[in-house]
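In: Got a sequence here, can you build the structure:
(chains A and B)
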Amino acid sequence: MKINFILNDEELTVDLDPLFPTLRFLREEKGLSSVKTGCGEGECGACTVILGSLDNGKLKYRNVASCLLPAGELDGKHLVTLEGINMTELSPVQKAFVDEGAIQCGFCTPGFIMSITGFLLSSKDLTKENILNAIDGNICRCTGYYSIKRATEKILLAAESGFDKEDRINSLAELSIIPEYFGSVKRRLNKIKNNSEKSSIITDPREAPVFLAGGTDLLVSGPGRPGPEVRLISDIENISEIFEDNNFIHVGAGSTVEDIIDSEILNQYVPGISDFMYLISSQIIRNTATLGGNIANASPIGDLSVLFLVLDAVLDIKSENGVREVLLRDFFKDYKVMDLEAGELILKMRVPKYSENRFFNFEKVSRRKYLDIASCNSASSFCLDGDVIKRCDLSAGGVAAVPLFLKESSSYLTGRKIGEETMNSVIEVAMDEISPISDVRGSSDYKRELLRRLIKAHFVKLEGWM
Amino acid sequence: MNNNEIVKHVRGESQFIDDLTLPHDILYGTVLTSDIPHGKIRKIDLGNALSVKGVVKILDHHDIPGENQIGAIIRDEELLSDGIVKFAGEPILLILSDSLDSGREALKEIKVDISSIPAITDPRESFRAGNLIVPARTFDHGDTDSAWAKCEVVAEGRVDSGGQEHFYMETQASLAYPVEKDSVKILSSTQSPTAVQKAVSGVLGIPMNRVEVDVRRLGGGFGGKEDQATPWAAMAALGAYITKRPVKIVLSRSEDIRNTGKRHPFSSDFKIGLDSSGKIVAYEATFYQNCGAYADLSTAILERALFHATNSYFIPNVRVTGISCYTNLPPFTAFRGFGGPQAMFVIESAINKAAAKININARKIQKMNLLKEGDVFPYGMVTENCNILSTWEKLEEKFEIEETYKKIDDFNRQNDLIKRGAAVMPVSFGISFTNKMLNQAGALVHIYTDGSVSVSTGAVEMGQGVNKKMINVAAETLSIPPSRVRIETTNTTRVANTSPTAASSGADLNGMATRSACIGLVKRLRSVAAEKLGTDVEKIRFENGKAISDSDGKTLKWDELIGIAYSERVSLTSQAFYATPDIYFDKTRESGKPFAYHVFGTALIEAELDVLRGVYKFNRVSIVHDTGKSLDSQTDLGQIEGGFIQGLGWVTIEELLFEEGGQIITGGSSTYKVPDIKFIPDEINVEMMQDLQNPYAVLGSKAVGEPPFMYGIGGYFAVNNCLLSAKPELQPDFDCPITPEKIIISLM
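Out: This next block holds a predicted model:
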C-alpha cells in the first residue's frame, strides 16, 4: 500500500504492508531510535509517538503506541517522534525532566516526553489530572514516578502563561514546546489528504477480510497477520462519529475510548461514563482502541461490551445485503462466537435515550487498578419509582464465555423494593447465571465472590445516589 | 552540573544496544528454547528452517569450540542444552539469519521432540527430594534451644514470598563483532562485563585477552543483568566467532520474561519468642530458596538472606538456616536486595504474628528491639555508627507515627466499607559483596592536553546514577567543574577484572578508585604548579579550576597547568585500585565482619482498603533515610523513592505465577503488572539524614541502591492491618504479594 504522510517535518510516500508496525518502520527503516521497543504490546509506552490528523478541517493530535499502530493508519497524517520535537534548546518539557532529575536509566524517557508534549497538543484543559492521564500508559521501571510527577507540575506552570487553547499550535511554538514547522502542517496535510483514495466497505464475501479498527488487540498477538485479507476501517465515512437523534445516541464503531470520554452526548445520557473509561487501559491505547473493536473481539471481560450491555444498545451491522440490527445482548453467542458473518462489519452502536432518571454504574477490579485487564467487571442500570425498582439491567464480565447480560437477575429485580433482602437474593440469582473459570486473572472462587461484591457495590452506590 | 547524559536522554539521543547503527553484514540471533520444563531431548527436526530465506546457520551445542558451560559460581549451566532441559525457556539452538523476521520464521519450522520428566516447582518438595545446590547453611548464635523456656510468648508460622520479574525497560541485548580472525568484541547490556568476558572466553576456548566487552549504559538492570546477561552475550559471541559476521541478539519482552531468571521465591518457617516486656529473646527461621533450574547466584543470595534474617533487631539467640533448592523454573537470580527482602519479610511477619498474639501493636515490638551501638549481629559483626534508632525517632518527630495510628483508629471506628492501616518498616542493610573477593575496583583517569578529563571505571551505568557520582568525585578531587569530566564506557580493556556493578557498591568501590587515581594526578600536578609558581609543594592548593600558591596568592589556571605538565613530560594518566579494608568472614564458623558498614532507615506507610472490592491504595509514605554525605542528593532521592516503589510493587501487585508443571502463567506485559504512575502513594516525604559522614565510603557517602527497596515491605503490613481492621478474627497467612484476590479470599 502506498502511504502518504508527514514524518516530523518531512513529506513521505512509502510502500508498506498496511499492517507493518509503525514502530518497526521508524526504527528499522528510518533509523529514528528515540522510539524504543519496550514490550510490543502497548503496555509500556516506550514507543509513544504523536499522530496528527485532520478532522473536519481541524488538525488534531493524539498520543499512540507505535508498536500497535499499523502503518496503513499513517496515510494522510502527521507522525511525530521525539526527533521531530527536538530543537536547538531543550523544550520546557525536556528541561523540567532534566531539572527534576526525572530520569534514571533513560529508556522510558522519550516516551514520557512524547506523551506530555502530546498532552499539551491535545488536552482540553491543562490540569494536573489530565497530565497524569496522559502518562498513565508510560511505565518507568526505575519507578522514578515522583520526580516525573514533580516535572509535570513544572511543565504545567511553564505552559500556563502564554498557552492559548484557541491558537494552540502557535502558542505552543511560541513557548518553544514544539518547533515552528508545526504551523505549516495543517496546510501540508490538506494537500496530502486530497491524494488518498477511499476504498469501499463491501468486499467479495468469498474472501472476507478481517476488519481492523485500532489494532490494539489483533496486533498484540505478535508477528503475523490476523487474516489473509485485512481491511483498515478508519477511513470509512462517519465510522467514528457520535451524534444523537430523537431516540438514539449513535456511536460509530470506530469511536475510540477517548472519543467516548470526550462525547458530551454520552456523558449527558450515561452519567459518569468518562470516569469509568479511565479504568480502561491507558491513554495511548484509549486513543486508538475502538468501541467496535472491543465488541467484535468478544472478550468475556471486554469493558465496553459489559458496560453497554445494560444500556439496551443495538448494533448496526453492514454487509453487501444492507444493514441489519442486532441487540448487543443477543450478539454474543459463545466464547468468541458472535452473530457476525464473514464480511460483515459493525458500523455503529445505537444507545436508546432514556427520558427518565436513571442510575448507572460500572465496576471493575483488576490486580493493578489502571492499565490492567479486569478479574471481573460489572455494569448496572436502575430506573426507580420511589424505592421500587421499575427496571434494572445487570451485566458481568469474566464470569462466563461471553460478556454476560445477567438476564435472570435483571428480571428478578423488576418490581422489587430496594433493600438488603433484594440485594442478597439477586446475588444468589446471579450466582446461578455464571460459570467462571480459573485463569491468570483469578480463580473461579475469587471471581464468584468478586461478582457478589460488585453487585453489592452497585447497591451501595445506588443508595448513595438516592 | 554536568547534565550531558540526562540531556541525551530527554532528546532521545542516548543509544542503547538496539539503537546502534548496524553493519551491512549483520546477523540476527534467534534462540530456540525448550517448551518443556523438564525433559530429555529425543530429536531435533530442523524441517525447512535452513531453507527459509535469510537463514545462514543454525547452531547447537556441538558447534561450541570451547566448553559448553556458563555457570559463574557453580558450573552447572550449559549455554545450549546438550540433552536434558530443566526449565521452559532453556536455550537449545541459535538461529542466525540476516533478518529478524526470517529467524522467527525458521523458529516455526523446527520441531524439538522432548520426552517429559516430572517437574518440581516447589522448593520444599525439592528439599524433600534432596535436590539441593549445596548443603544447607546455618547461622547459630547464642543458645536458641534453651532460650524458648525464657519466653513469655512464642509464635510460629509459615511465610511465602513470590518471585519478581525485573522488567528492566531494555530487554537483554548484545551485539558481538568478530575482530580479525581470532578475537571478538561484545557490546552487552550487562552489569558484569568481566563475567561476560570470562564466559565467552570459556565458550570460544580463547584466552580472555581476545575477548573485549564494552558497556555504555543499561536501560535498567536491578540485578537482572548481573548473571542473566551472560548467555545472550555468549551466544552472540559464538555466532560472530563462527560466522565471522557481527551478530545481534535482543530478546522480545515475552522471550525475556519467559527465558530469564527473576527474584527468588522463598518459602520459610519461623519461630519467635518474646519475654513479657516484648523483648525478642529467640528467633529461628528456615528459608527454602526456590533457585530454579541452575545455581546462577543463588548461593550468594541465600547468604545475604541469612545476613539479613534479623533485619534491624538485636536478638540474642538466633538460629537461621538457608536451603538452596533446585526446581524446574527459570534460574532465579539477583534482584535489588539480593535475598535481603525475602529474609526481612520473614522476621517482620514473625513480629506481626507475635504482636497479634499478645495484642500489642507490632511497632512497639519493632522499636523496643532496634539495634543499638555495639550490638552484635548473629554473624558476629558488631554494629558501628548505628543509626537505626535515630531514623525511627526522626520519623516519629517529623511524621508523627503515634498520631497517625491514632487517626487511623478513629477513622476505622467510623467506617466499615473503608479501612485504613499503617506499618513502620525499619531497614538495616549491610554494604559490601558478601564474597570478599569482589570488593575491589579499578579506575583509569586521563587528562587530555586541553584539560578535559576522561574517567573509566568498572562501574556500569544502569540508571542508578553512578556516572554522575563518579563525575562528582573526580571533579571534587581535581577541583574542576563537573562539565570537564566525561565518564567512558565500561570496557574490559581499560579496567580489567571488574566486579559486577551490584550489591549497591558501584559508587563506593569505583568512587574510591576514582578518587585515588585523581589524587595521584593532583600530586603530580602540585609539583608542576609549585615549580612554575616558584613555591613549595605544600603551599599549593587547588580550587575552582586553579592551582593557588599560598605563599603569594599567585594562580595557575587548570588548562595552562595541564599544558605545562604535558610539555614537562609529566604523565597525565593515572590508574588506581581499591579494595575494601578490614572485611572478612569465616564460613566454617559463620562469623566475621562481612560488611564495611550498614545503611539504616525507617519508613511509615499508610494504606486504605476498599473492603467491598478488596482493592487498596496507599495514602502516604514517609521515609527517613541515612544517606551519609550524599554524592548527589537528586540521584539519591531518585534511588530512595524508586527503590521503595519497586519494593511496594513486589509485595502488592507484582504476582509472578507458574503452573504446577512449570510453565509461566504471567509471561507477558499484559499479565505481569509493575507499578504505574497512578499506583504510587498520593504523598511521599523523604528526609535524608546527611549529617553523619560515613568513614567507610568515598567522601563520607553511603551506598543507596538496594536498602530503600525494603521499605516497600511495610506496604504489605499496612494493607494487612487494614484487612485485620475489617476482620479482626482473621489469622492471615503471610504470603506476598497481597493481591486483591488474596484479600477477598481472606474476607470470604
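In: Report the distance from the helix of greatest length in chain A to the chain centre.
Out: Using DSSP state H to define each element, chain A has its longest helix at helix A:444-465. Centroid displacement of helix A:444-465 relative to its chain, using C-alpha atoms, centre = their mean, to the nearest Å, is 25 Å.
In: who touches it?
Out: Residues outside helix A:444-465 that contact it (C-beta atoms under 8 Å, 6 or more residues apart in numbering or on different chains) are A:359, A:361, A:363, A:365, A:375-378, A:380, A:382, A:394, A:396, A:398-399, A:409, A:418, A:423, A:426-427, A:430-431, A:434, A:436-438, A:441-442, B:417, B:612-614, B:741, B:744-745, B:748. Glycine gets a C-beta too; all of them are placed from N, C-alpha and C.
In: If any of these are buried, put those into a ChimeraX selection.
Out: ChimeraX command restricting the contacts of helix A:444-465 to the buried ones, with burial defined by 16 or more other C-beta atoms under 10 Å in any protein chain shown:
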select /A:359,361,363,365,375,376,377,378,380,382,394,396,398,399,409,418,423,426,427,430,434,436,441,442 /B:612,613,614,741,744,745
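In: Show me the domain layout of the chain.
Out: Assuming you mean chain A. If you go by automatic domain parsing, the domain ranges for chain A are A:1-197, A:205-352, A:360-465.
In: that answer is for a different chain, and I need it for chain B
Out: Split by automatic domain parsing, chain B gives B:22-118+B:166-259, B:266-434+B:587-747, B:440-579.
In: Spit out the contact partners of B:Ser51.
Out: So B:Ser51 contacts nothing (C-beta under 8 Å, 6+ apart).
In: rewinding a little: which among the domains of chain A is found nearest to B:Pro732?
Out: Among the domains of chain A, the nearest to B:Pro732 by C-beta to C-beta is domain A:360-465 (16.2 Å).
In: on that earlier part again, can you tell me which of the contacts of helix A:444-465 are in helices?
Out: A:Ser409, A:Met423, A:Val426, A:Ile427, A:Ala430, A:Met431, B:Glu741, B:Ile744, B:Ile745.
In: Hmm, A:Thr414 and the third one touching each other?
Out: If I follow you right, that is A:Val426. No. Using C-beta atoms under 8 Å, A:Val426 makes no contact with A:Thr414, being 10.7 Å away.
In: Quick check: buried residues in the helix or strand hosting B:Lys40?
Out: Assessed by DSSP states H and E, B:Lys40 sits inside strand B:39-45. Of the residues in strand B:39-45, B:Gly39, B:Ile41, B:Ile44 count as buried by neighbour count, 16+ other C-beta under 10 Å.
In: could the domains of chain B be laid out in CSV, adding mean pLDDT and distance to A:Ser176?
Out: Formatted as CSV, these follow (pLDDT from 0 to 100; distance: least, C-beta to C-beta, whole Å):
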stretch, mean pLDDT, distance to A:Ser176
domain B:22-118+B:166-259, 97, 28
domain B:266-434+B:587-747, 97, 24
domain B:440-579, 97, 23
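In: Looking at these, spot the one closest to A:Leu345.
Out: Each of those was scored for nearness to A:Leu345 using C-beta to C-beta, and the closest is domain B:266-434+B:587-747 (26.5 Å).
In: Quick check, pLDDT for the closest residue to chain A within the stretch 1-150 of chain B.
Out: As assessed by C-beta to the nearest C-beta, chain A sits closest to B:Gly12 within the stretch 1-150 of chain B, at 2.4 Å. Here, the pLDDT recorded for B:Gly12 equals 98.
In: If you drop the residues flanking it in sequence, what lies closest to it?
Out: Sequence neighbours aside, A:Ser34 is the residue nearest to B:Gly12 in space, at 2.4 Å (criterion: C-beta to C-beta, 6 or more residues apart in numbering or on different chains).
In: center of chain B, which residue is that?
Out: Chain B has B:Arg336 as the residue nearest its centroid, 3.0 Å off, counting by C-alpha atoms, centre = their mean.
In: Could you check how far that one is from chain A?
Out: Counting by C-beta to the nearest C-beta, to the nearest Å, the separation of B:Arg336 from chain A is 11 Å.
In: Skipping adjacent residues, who's closest to whichever residue of the stretch 451-600 of chain B sits closest to chain A in space?
Out: Here the stretch 451-600 of chain B gets closest to chain A at one residue, B:Gly463, 2.8 Å apart by C-beta to the nearest C-beta. The shortest distance from B:Gly463 to any non-neighbouring residue, by C-beta to C-beta, 6+ apart, is to A:Cys105 (2.8 Å).
In: which residues of the stretch 101-250 of chain B fall in helices?
Out: Counting by DSSP state H, counting those that start in this stretch, the stretch 101-250 of chain B has helices at residues B:123-128, B:144-147, B:193-204, B:230-243.
In: what does the stretch 151-300 of chain A give?
Out: Going by DSSP H, counting those that start in this stretch, the stretch 151-300 of chain A shows helices at A:168-174, A:182-195, A:257-262, A:264-269, A:273-277, A:283-286, A:291-297.
In: is it true that the residue of the stretch 451-600 of chain B closest to chain A touches A:Gly106?
Out: Yes. B:Gly463 is in contact with A:Gly106 according to C-beta under 8 Å; the separation is 6.8 Å.
In: shared neighbours, these two?
Out: Joint contacts of B:Gly463 and A:Gly106 (C-beta under 8 Å, 6+ apart) are B:Gly219.
In: Now do the longest helix of chain A and helix B:740-747, the angle between them.
Out: Comparing the axes of helix A:444-465 and helix B:740-747 via axes from the mean of the first three to the mean of the last three C-alpha atoms, to 10 degrees yields an angle of 80 degrees.
In: Give the buried residues for stretch B:683-696.
Out: B:Ile684, B:Val686, B:Glu687, B:Met688, B:Met689, B:Gln690, B:Leu692, B:Asn694, B:Tyr696.
In: For the residue nearest to A:Ile418 when sequence neighbours are not counted, grab the count of nearby residues.
Out: The shortest distance from A:Ile418 to any non-neighbouring residue, by C-beta to C-beta, 6+ apart, is to A:Asp387 (4.8 Å). Burial of A:Asp387 is recorded as 12 neighbouring residues (other C-beta atoms under 10 Å in any protein chain shown).
In: Next, count neighbours for the nearest residue to A:Leu69 once chain neighbours are set aside.
Out: Ranked by C-beta to C-beta, 6+ apart and with sequence neighbours excluded, the top spatial neighbour of A:Leu69 is A:Thr22, at 4.1 Å. Residues contacting A:Thr22 under the criterion other C-beta under 10 Å number 26.
In: Pretty sure A:Thr22 sits against A:Leu79.
Out: Yes. Using C-beta under 8 Å, A:Thr22 is in contact with A:Leu79, at 7.1 Å.
In: For the two, list the residues in contact with both.
Out: Shared contacts of A:Thr22 and A:Leu79, counting by C-beta under 8 Å, 6+ apart, come down to A:Val49.
In: Tell me the spatial nearest neighbour of residue 45, not counting adjacent residues.
Out: You didn't say which chain, so I picked chain A. Of all residues not flanking A:Gly45 in the chain, A:Asn138 sits nearest, at 3.5 Å (C-beta to C-beta, 6+ apart).
In: that's the wrong chain, I meant chain B
Out: B:Lys111 (4.5 Å).
In: cool, and B:Asn439?
Out: Per C-beta to C-beta, 6+ apart, closest to B:Asn439 is B:Thr580, 4.0 Å.
In: Contact partners for the one you found?
Out: Residues counted as contacts of B:Thr580 (C-beta under 8 Å, 6+ apart) are B:Ser432, B:Asn439, B:Gln440, B:Asp508, B:Leu509, B:Ala596, B:Tyr696.
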